[in-house]
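In: Output the structure for:
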Amino acid sequence: MKQGFFSYFQLFKDRVASSSRLLLRNVVILIVIFVCAALAVAFGTFLVMRRGQPEVAVPKVTGNDLIESLIILQKKNLRAVIDPRYFSDYPKNTVVEQEPKPGSIVREKKDIKLIVSKGPIISIVEDYTGMTITFVQNRLQEIFSFQGKTIRIGNVTYVASEYAEGTIVGQFPPPNTPITNVDTIDLIISKGREIHLFQLKDYTGEKVEVVMQELALRGVLVHVITEEILDPSMNGLIISQDPLPETVVRRNDTVTFNVGYLPSEEEKEKLYARVLNFDVPPDLEEASIRIVVKDRIGEREIYNADNTGGDTISVPFKSYSNTTVYIYVDNGLFEMRKME
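Out: The predicted model follows:
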């Protein structure tokens, strides 16, 4: 009986040992297969990483328009990095230089640096007639901030005119003025058509320069008579007016103000807000009108536009005493006016 038990135990022991060896062998085989697969994936990844993106030759885009250059680079699967600069010899949006150079072999998706012209450096005041005040604000920021100079919009005057509301119809300094000593640009902006009749209010006690500017917007002429005063608080203020308040006036009418000035101020030249009214000859079907003013600070253009016969032009402007106004019709001097 005892011998039989040991026989069964030995048989069980042999089978367990045999199964363990088989299991161990299978585990080892699985580990080897896993390691080989991992090595194969790693080697494949290494080959892909080593090869990288396909190689292409960098095309030549210098001298081309920026949009055209971007299309060319896009077709080659290359990316553009734009560096805008001012150039006097290259039109705006022209590619001046590129890096890497044309013909260089690079991989796709490589960054190609493009130096692009922003046009010539601005050294004179541009012509903003026909533009909007938003355009001028953006333009001044664009061109002058880069050049290390700050020029901003100064006084903005709104006038009634035949031009669309919001359109710039005049500016000071005029176009082509060197920007060396220019810090602000005054703009005259159209507010569309306006009723020509209005009622005067009582202007006594107000600053004459402010009132002159207000009346200039209505096309009303202003005549100033100086009165010597001793009270400094009344210097430059309106003492009386003619016509009286509540009088109805119209375009081209004249309002006279008696203005107080201290003796020391009365002799000085003053900067006046004025308005020039001109009726285009009705017998002309179409005419180019140009108006130039000249005073002690020089000659400047305040109006330049095409008009039809019978048009009425009203242009507010600033000038010192003893101003001469030249009105040109179709490039010929039509009229000359003197303003004290």
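In: Quick check, Q241 in contact with N258.
Out: Yes - counting by Cβ atoms under 8 Å, Q241 touches N258, with 7.5 Å between them. Heads up, the C-betas are built off the backbone N, CA and C, glycines and all.
In: quick one, which of the two is more surrounded?
Out: Shown here are Q241 and N258; by other Cβ atoms under 10 Å, Q241 has more neighbours (21 against 16).
In: For the more buried one, list each beta-bridge partner.
Out: F257 (DSSP bridges).
In: check contacts around it.
Out: 200, 202-204, 255-258 (Cβ atoms under 8 Å, 6 or more residues apart in numbering).
In: what mean pLDDT does stretch 68-83 have?
Out: Here stretch 68-83 scores 91 as its mean pLDDT.
In: got the end-to-end distance for stretch 176-190?
Out: 22 Å (Cα to Cα, to the nearest Å).
In: what's the helix or strand for the residue most central in space within the chain?
Out: Closest residue to the average C-alpha location of the chain: N138 at 1.7 Å, with Cα atoms, centre = their mean. Under the criterion of DSSP states H and E, N138 resides in helix 133-146.
In: before we move on, the earlier item: just name the closest of the contacts of Q241 to R152, please.
Out: Nearest to R152 among the contacts of Q241: Y203, at 30.2 Å, using Cβ to Cβ.
In: Over to that closest one: give its phi and psi.
Out: phi -100, psi 0 (degrees, to the nearest 10).
In: cool, N64 as well?
Out: phi -90, psi 160.
In: Not counting sequence-adjacent ones, nearest residue to it?
Out: Nearest non-adjacent residue to N64, counting by Cβ to Cβ, 6 or more residues apart in numbering: V95, 5.4 Å away.
In: again with M212
Out: Per Cβ to Cβ, 6+ apart, closest to M212 is A273, 4.2 Å.
In: related to what we said a few turns ago, now the element after the helix holding N138, going C-ward?
Out: Sequence-wise, the next helix or strand downstream of helix 133-146 (DSSP H and E) is strand 152-159.
In: Could you tell me the model confidence score at I33?
Out: 81.
In: That one is in what secondary structure piece?
Out: helix 2-51.
In: partner strands of the very next helix or strand once past that helix, parallel or antiparallel?
Out: Per DSSP H and E, helix 2-51 leads on to strand 55-57 as the next helix or strand towards the C-terminus. Pairing partners of strand 55-57, with direction, according to DSSP bridges: strand 105-107 (antiparallel).
In: List the buried residues in the strand it pairs with.
Out: Buried residues in strand 105-107, defined by neighbour count with 16 or more other Cβ atoms under 10 Å: V106.
In: Can you give the contact residues for it?
Out: 52-58, 78, 100.
In: Ok, stretch 62-69 next?
Out: Contacts to stretch 62-69, defined as Cβ under 8 Å, 6+ apart, come from residues 61, 72, 80, 82, 93-98, 102, 114, 116.
In: Next, format those residues as TSV and append secondary structure, neighbour count and distance to R300.
Out: Below are the contacts of stretch 62-69 laid out as TSV (DSSP: H, G, I helix; E, B strand; the rest coil; neighbours: other Cβ atoms under 10 Å; distance: Cβ to Cβ, whole Å):
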residue	secondary structure	neighbour count	distance to R300
V61	coil	22	43
I72	helix	17	47
A80	strand	18	44
I82	strand	13	38
N93	coil	16	32
T94	strand	19	33
V95	strand	23	39
V96	strand	16	36
E97	strand	14	40
Q98	strand	23	44
P102	coil	11	49
L114	strand	22	40
V116	strand	21	35
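In: Show me which pair in the residues you listed is furthest apart.
Out: N93 and P102 (19.3 Å).
In: which ones are touching T177?
Out: 124-125, 300.
In: pretty sure R85 contacts V96?
Out: Yes - here R85 reaches V96: they are 7.4 Å apart, a contact under Cβ under 8 Å.
In: Return every residue with contacts to both of these two.
Out: 115-117.
In: thinking again about what came up before, now, of the contacts of Q241, which are buried?
Out: 200, 203, 255, 257-258.
In: now these as TSV including distance to V210 and pLDDT?
Out: Formatted as TSV, those follow (distance: Cβ to Cβ, whole Å; pLDDT from 0 to 100):
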residue	distance to V210	pLDDT
L200	15	90
Y203	9	94
V255	14	91
F257	12	92
N258	16	92
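In: now, among these, which is nearest to P281?
Out: V255 (27.3 Å).
In: tell me how far stretch 91-110 is from the chain's mean position?
Out: Relative to the centre of its chain, stretch 91-110 is centred 28 Å away, using Cα atoms, centre = their mean, to the nearest Å.
In: May I have the distance across it, first residue to last?
Out: Chord length of stretch 91-110, first to last residue, is 27 Å (Cα to Cα).
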